[in-house]
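**Q** return a 3D structure for these sequence lines:
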Amino acid sequence: MSLKTNIENSIKDAMRAKDQDRLRALRAIKSLILLEETSGANSGELSSDVEMKLLMKAAKQRKDSLEVFLAQNRSDLAEKEQAELSVIEEYLPKQLSEDELKAKIAEIIAKTGASAPSDMGKVMGVATKELAGLADGKAISATVKSLLQ
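**A** Numbers count the residues shown, from 1 in each chain. This is a model prediction of the structure:
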């Protein structure tokens, strides 16, 4: 089942349950999907990679907004962002733990033959492709940097 179909079914369930927070988050995801489908780069159905990138982007936006709202002591807005983020994360694959991430990046470093901090770009290129959807870009970058030093 495609993400779009899955989201549409979840929207119906949220409407029946009168869950406004969940409904708002699901509609935001559906909006992103529809915008991407109708953009010039895509025509029709989206691949699972594109869908995953959309979800990662939406989750990152919510996390960034959440940080800003918490820094400004806006707990009311932070709660809304947190609720939307938790709904979006339901559709993302399980994120790697810190130990799992270190192990995967260590494998990638061994595979690419990197040995110095100057090889970070080479490792990051491979790591971001292999770990797409499984870890945040900031976490990947920080782990690569620490392992190459």
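**Q** any idea which residue sits dead centre in the protein?
**A** Geometric centre of the chain, nearest residue: residue 56, 2.1 Å, by CA atoms, centre = their mean.
**Q** secondary structure element for it?
**A** helix 48-71 (DSSP states H and E).
**Q** now that helix - C-alpha only, CSV.
**A** Extracted in CSV, the C-alpha atoms of helix 48-71 (Å, rounded to 0.1, in the frame of the first residue of the first chain):
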residue,chain,number,x,y,z
SER,A,48,9.0,5.1,-1.8
ASP,A,49,12.3,7.0,-1.7
VAL,A,50,10.7,10.3,-2.6
GLU,A,51,7.9,9.6,0.0
MET,A,52,10.5,8.9,2.6
LYS,A,53,12.3,12.1,1.8
LEU,A,54,9.1,14.1,2.2
LEU,A,55,8.4,12.5,5.6
MET,A,56,12.0,13.2,6.7
LYS,A,57,11.7,16.8,5.6
ALA,A,58,8.4,17.2,7.4
ALA,A,59,9.8,15.7,10.6
LYS,A,60,12.9,17.9,10.4
GLN,A,61,10.7,21.0,10.1
ARG,A,62,8.7,20.0,13.1
LYS,A,63,11.8,19.3,15.2
ASP,A,64,13.3,22.7,14.2
SER,A,65,10.0,24.5,15.1
LEU,A,66,9.8,22.6,18.3
GLU,A,67,13.3,23.8,19.4
VAL,A,68,12.4,27.4,18.6
PHE,A,69,9.1,27.3,20.5
LEU,A,70,10.7,25.7,23.5
ALA,A,71,13.5,28.3,23.5
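**Q** how about the residue nearest to the centre of the chain, what does it touch?
**A** Counting by CB atoms under 8 Å, 6 or more residues apart in numbering, residue 56 touches 92, 132, 133. Backbone N, C-alpha and C define where each C-beta goes, glycine included.
**Q** again, only using 7 Å
**A** residue 133 (CB atoms under 7 Å, 6 or more residues apart in numbering).
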